[in-house]
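Q: Provided below for reference: sequence and predicted model.
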Amino acid sequence: MAWSRAQFLVRGLAFLKQTERMTRFDKQSSENRYNPSELEPEWQKRWEQLGLNRTPEPSAKRSENFFALSMFPYPSGNLHMGHVRNYVITDVIARQQRLKGKKVLHPMGWDAFGLPAENAANERGVDPADWTIQNIEQMRVQLKKLGLSIDWEREISTCNPSFYKWTQWLFLQFFAAGLAYQKEANVNWDPIDKTVLANEQVNSEGRSWRSGALVEKRKLKQWFLRITDFADDLLTDLDGLNGWPERVCTMQANWIGRSRGAQFSFKLEQAERDLNEPDLNLDVFTTRPDTIYGVTYVVLAPEHPLVAKLTTKQQQESVKSFQEEVAAKSELERMAEDQDKNGVALGGTVIHPLTGKIIPVWIADYVLPDYGTGAVMGVPAHDKRDYSFAKKYNLAIQNVILKAGNDANHDPNQAFTELGILENSENFNGLEGEQAKQAIISKAEEEGFGIGKTTYRLRDWLISRQRYWGCPIPVVHCNICGVVPVPVEKLPVKLPKRGEPVASIPCPTCGRDAKPETDTMDTFMCSSWYYLRYTDTENQDLPFAKQTASKWLPVDQYVGGVEHAILHLLYSRFFTKALAKKDLISFNEPFKHLLTQGMVQAITFRNPKTEKYIAPTEVLDISNPLDPGDGTLLDVYYEKMSKSKYNGVDPGVVIDKYGADTARMFILFKAPPEKDLEWDDADVEGQFRFLQRIWRLCQSAKDRNSRIQLNLNNAFGELNAKNKDIRRAVHTAIKAISEDLSGEELQFNTAISELMKLCNTLTTHLEEANENVAGEAIAALLILLAPFAPHLADELWMQLGGVDSVHQQKWPIEDEKALITDTITIILQINGKVRDNLHVAPDIDADTLKKLALESDASKKWLEGAEPKRIIVVPGKLINLVS
RNA sequence: GCCCGUGUAAUCCAACGGCAGAGAUAAGCGACUUAAAAUCGCUCCAGUGCGGGUUCGAAUCCCGCCACGGGCACCA
């Protein structure tokens, strides 16, 4: 779709002219023109006065309450389109649930701690607290312009001591339960943001999710939460999350990364240990216990603690230099795909637990220190990595698995990695696959050299951050007592003013001066439980009361970006499970239904030579986009809105121009919510035009000779065909929209298209409707519209004399009788091809239909006199004659 | 390499296994107008990424590919 520059200008001018005229006109008669900029603020004020968005007392029956939640924003100070999409989706759901009679909790808050605020504040030389509070003020104003039905009395901010007191309280609960602990570990260090990061916050390229910096490994003592205790629950409970998109569940499952297998112990040969020492074991983890007879060597990570013990004198030099070489490599280099595998023999040996053979021990860069046991049994015949390693260093290769169901053995020039039948495995020969694995694990358990074991890729969650602007970790370091938690009654441990020296405080145990912890918590700690606080924001004694929380939670509908598939959504699930275990809550999954909305994208132009983005306003002809500088033909993409790509659209500008209702309608209509959405100014205008059509329709309804009553319960009596048609259109729309909003898939786009259809029908035919039918039709239209375009719907509701606010009405229920037609159309197929339509009574029986079909001209023509062998009748739909 | 998603008109998107089109955008034509805008009406445009299969009937289900997007990945 290509616009010339001229077209852009013409459109822009046309719009200007129109708005000018509109404003002038509206001063005389605001009733006859749709003027959102005038009417929207008025309605927002009125709803506030009426308290329509306040959270009602929850019902004792959980099913009568509805918790609609958007992922709360980080207060950057600027609302962007992604926010708009997120909150509008949740708002439609909240508004519709209210109309359906539910008690709705629809709150908003601020994920206010974190690096960006601190960085931004540092750049500007202001206090992060001031900066953040100012941003919140600004964004609240912007958000309110969207007409969201948010209960602002429950607003929370994670940087407020009244909130973070409870984050600290929860930390202490975790600490008391042994779920929070300190350990020295190799952690991810972000050199740009100068802090450590959790594994989840480093992408697969080894970069920080926020700063984009390549992370470094550093050995540091840090705070962790024992999320791995819940690894299995977190994985298996994914099966019960039917309201979640499958891909999010898959991503979490991948991340948790469960592997079932076995751990085997290889005894160190006596030569490698002091004879006075007890036996030393080298433990390996494998998912293929069935290949144990194929072990021809064992490999350790270079960092493995037994390396020194297993290194012989002759090998000391080369081992040491290899270790240094590996240590010098970045994580990324070491992990790079298809990397040549390098290693060094230690000289030491271990004993195969089953065959008693002497097995050489190596170290190699392809073995990771922190997965499994940091040691691998080398089975080159049946593992690709082991194979290439064995080939490179001339290690023995022992086949122990035969391809099942086939005499021919596998290609000897590569590892055979599938399950198969065991050979060269003593008593286990002939066993197959899983059975063989089990048999060998049993044997190991009997003889005590091994055990069936499951390992996870998931690591404990590193929560300390070496940053100022975060929730203080409520512990002190005492020279005598060590790490001491701050007692609950001393909470909150307040964040000192920026730049203030950290004063020592008395140790809770011994009373001597102690140093408060200066690291702060990962902001994901705050977001892991904020949704609980919304249910009980005034509680002074607890973060939330169990009873109160259980009236609203788990969240009925959660909406947010898919970028949190692993981060926030996994942490929150972990928190929920940990809190449930402590009996602080009565459920073990936080979010029943999850909608991950797609990105808001807009057109971008990039010069393929310079790789620079060109602003769309600089491009003269979009059908032939050229760089105004060097005339190069530009690449055209749709990409996420961003400043650096010059493709951002400011929601404020759109609202000023067209109103919030148009912005809402456009965003909901343009694409299904979970798909990416391409911003298009022309489509925005299209939505504006649609709202104007509704406006005009209602103006003409108002001007009718016979006064209509907005009422869903009008009495109708016997109606003529026209009136029946109108009622059918109305109730078809009610049914379709109700379904679009209630299924597992929320389909706002098709719901809006139903509204358009209804509007079109009523525009043409409302004149012909009697006043009761017209009253029902308009009432239904406005109530159906209310969740989407709340201001316009309420304005028209009022203009037409509706009772109360449109948002206080009942969601309509379709009248099945109104949907019935006098005749229905049956598709007549001959041999699967559509040949005719039959117009018949809706309750026609199959035999009559068959008779009708056989008598039709079409069947005579296409069957050519042949008797059909088969007749398929789909009631109410079609009949297929097969010859 | 493994896993998930998507692929329909110029564009964005619809179609419980049953007439490929609900809705919109763009384009074109017409009506209204002195004219333009707005408005209203009409028209144009795909056989559903490719190849097989199941079925009376496939965009939809199955198998094998391709393209794009995403997740995991030397994870033992």
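A: Everything's here; your move.
Q: can you list the domains in chain A?
A: A:168-255+A:461-523, A:258-456, A:693-819, A:824-882 (automatic domain parsing).
Q: now the second one, how far from the centre of its chain.
A: In terms of C-alpha atoms, centre = their mean, to the nearest Å, the gap separating the centre of domain A:258-456 from the centre of its chain is 39 Å.
Q: go on, the last one?
A: Using C-alpha atoms, centre = their mean, the distance from the centre of domain A:824-882 to the centre of the chain it belongs to is 48 Å.
Q: re the thing from before, closest one to residue A:91 among the domains of chain A?
A: domain A:693-819 (7.5 Å; C-beta to C-beta). The way it works is simple: take the backbone N, C-alpha and C, and place the C-beta from them, glycine included.
Q: off-centre distance for that closest one?
A: Domain A:693-819 sits 35 Å away from the centroid of its parent chain (C-alpha atoms, centre = their mean).
Q: what residues of stretch A:312-322 count as buried?
A: Using 16 or more other C-beta atoms under 10 Å as the burial criterion, the residues of stretch A:312-322 that qualify are A:315, A:319, A:322.
Q: mind giving me the packing neighbours of the helix or strand harbouring residue A:653?
A: Take DSSP states H and E as the rule and residue A:653 turns out to sit in helix A:651-658. Applying 3 or more C-beta pairs under 8 Å, 6 or more residues apart in numbering; DSSP states H and E, we find helix A:651-658 packed against helix A:81-99, helix A:660-670, helix A:681-702.
Q: dump the domains of chain A to a markdown table, plus distance to RNA strand B and mean pLDDT.
A: Output for the domains of chain A, formatted as a markdown table (distance: least, C-beta to the nearest atom of the strand, whole Å; pLDDT from 0 to 100):
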| stretch | distance to RNA strand B | mean pLDDT |
| --- | --- | --- |
| domain A:168-255+A:461-523 | 3 | 90 |
| domain A:258-456 | 3 | 86 |
| domain A:693-819 | 3 | 91 |
| domain A:824-882 | 3 | 83 |
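Q: tell me which of those domains lies nearest to residue A:77.
A: Using C-beta to C-beta, the nearest of those to residue A:77 is domain A:168-255+A:461-523, at 14.9 Å.
Q: what are the phi and psi values at residue A:770?
A: phi -80, psi 170 (degrees, to the nearest 10).
Q: grab the nearest non-local neighbour of it.
A: Among residues not flanking residue A:770 along the chain, residue A:723 sits closest, at 5.8 Å (C-beta to C-beta, 6 or more residues apart in numbering).
Q: list the buried residues in the strand or helix carrying that neighbour.
A: Residue A:723 belongs to helix A:721-742 when assigned by DSSP H and E. Buried residues in helix A:721-742, counted by 16+ other C-beta under 10 Å: A:723-738, A:740-741.
Q: picking up where we left off before, mind putting the helices and strands packed on helix A:651-658 into TSV with distance to residue A:219 and mean neighbour count?
A: Listed next are these as TSV, based on distance: least, C-beta to C-beta, whole Å; neighbours: other C-beta atoms under 10 Å:
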stretch	distance to residue A:219	mean neighbour count
helix A:81-99	38	24
helix A:660-670	48	26
helix A:681-702	54	18
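Q: weakest of the ones you listed by average pLDDT?
A: Mean pLDDT is lowest for helix A:681-702 out of the helices and strands packed on helix A:651-658, coming in at a mean of 92.
Q: and the helices in the stretch 751-883 of chain A?
A: Assigned by DSSP state H, counting those that start in this stretch, the helices in the stretch 751-883 of chain A fall at A:771-785, A:790-799, A:816-819, A:846-855, A:857-863.
Q: likewise for the stretch 201-350 of chain A?
A: Using DSSP H, counting those that start in this stretch, helices in the stretch 201-350 of chain A cover A:231-236, A:246-256, A:307-310, A:316-328, A:331-335.
Q: the closest residue to residue A:58 other than its chain neighbours: helix or strand, and which one exactly?
A: Computed as C-beta to C-beta, 6+ apart, the closest residue to residue A:58 that is not its neighbour in sequence is residue A:551, at 4.0 Å. For residue A:551, the element it lies in under DSSP H and E is helix A:546-552.
Q: is the helix or strand just after that helix anywhere near RNA strand B?
A: Going down the chain from helix A:546-552, the next helix or strand is strand A:555-561, by DSSP H and E. No: applying C-beta under 7 Å from any atom of the strand, one finds strand A:555-561 separated from RNA strand B by no less than 11.4 Å.
Q: strand A:555-561 to helix A:81-99, inter-axis angle?
A: Relative orientation of strand A:555-561 versus helix A:81-99 (axes from the mean of the first three to the mean of the last three C-alpha atoms, to 10 degrees): 160 degrees.
Q: output the helices of the stretch 201-350 of chain A as JSON lines; include the columns distance to residue A:756.
A: Compiled in JSON lines, these are given as follows (distance: least, C-beta to C-beta, whole Å):
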{"stretch": "helix A:231-236", "distance to residue A:756": "44"}
{"stretch": "helix A:246-256", "distance to residue A:756": "31"}
{"stretch": "helix A:307-310", "distance to residue A:756": "71"}
{"stretch": "helix A:316-328", "distance to residue A:756": "64"}
{"stretch": "helix A:331-335", "distance to residue A:756": "52"}
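Q: packed most tightly, which of these would that be?
A: helix A:307-310 (a mean of 19; mean count of other C-beta atoms under 10 Å).
Q: can I get the helices and strands packed on helix A:651-658 in JSON lines with distance to residue A:404?
A: Listed next are the helices and strands packed on helix A:651-658 as JSON lines, based on distance: least, C-beta to C-beta, whole Å:
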{"stretch": "helix A:81-99", "distance to residue A:404": "51"}
{"stretch": "helix A:660-670", "distance to residue A:404": "53"}
{"stretch": "helix A:681-702", "distance to residue A:404": "58"}
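Q: can you pull the contacts of the residue nearest in space to the middle of chain A?
A: Centroid-nearest residue in chain A, with C-alpha atoms, centre = their mean: residue A:562, separated by 3.3 Å. Residue A:562 makes contacts with A:245, A:247, A:248, A:596, A:597, A:598, as judged by C-beta atoms under 8 Å, 6 or more residues apart in numbering.
Q: swap in residue A:385?
A: Contact analysis of residue A:385 by C-beta under 8 Å, 6+ apart lists A:341, A:366.
Q: quick one: it and residue A:533, what's the gap?
A: Going from residue A:385 to residue A:533 by C-beta to C-beta, to the nearest Å gives 48 Å.
Q: hmm, back to that, which strands and helices sit next to the helix holding residue A:551?
A: Helix A:546-552 makes packing contacts with strand A:65-70 when contacts are defined by 3+ C-beta pairs under 8 Å, 6+ apart.
Q: next, the angle strand A:555-561 makes with the strand it packs on.
A: Counting by the same axes, to 10 degrees, strand A:65-70 points 10 degrees away from the direction of strand A:555-561.
Q: the residue nearest to residue A:770 contacts residue A:769, correct?
A: Yes: between residue A:723 and residue A:769 there is a contact under C-beta atoms under 8 Å: 5.7 Å.
Q: next, the buried residues of the helix holding residue A:653.
A: Neighbour counts over helix A:651-658 (16+ other C-beta under 10 Å) mark A:651, A:654, A:655, A:657, A:658 as buried.
Q: same question for stretch A:259-274.
A: Applying a neighbour-count criterion of 16+ other C-beta under 10 Å, one finds A:261, A:262, A:263, A:264, A:265, A:266, A:267, A:268, A:269, A:272, A:273 buried in stretch A:259-274.
Q: much appreciated, bye for now.
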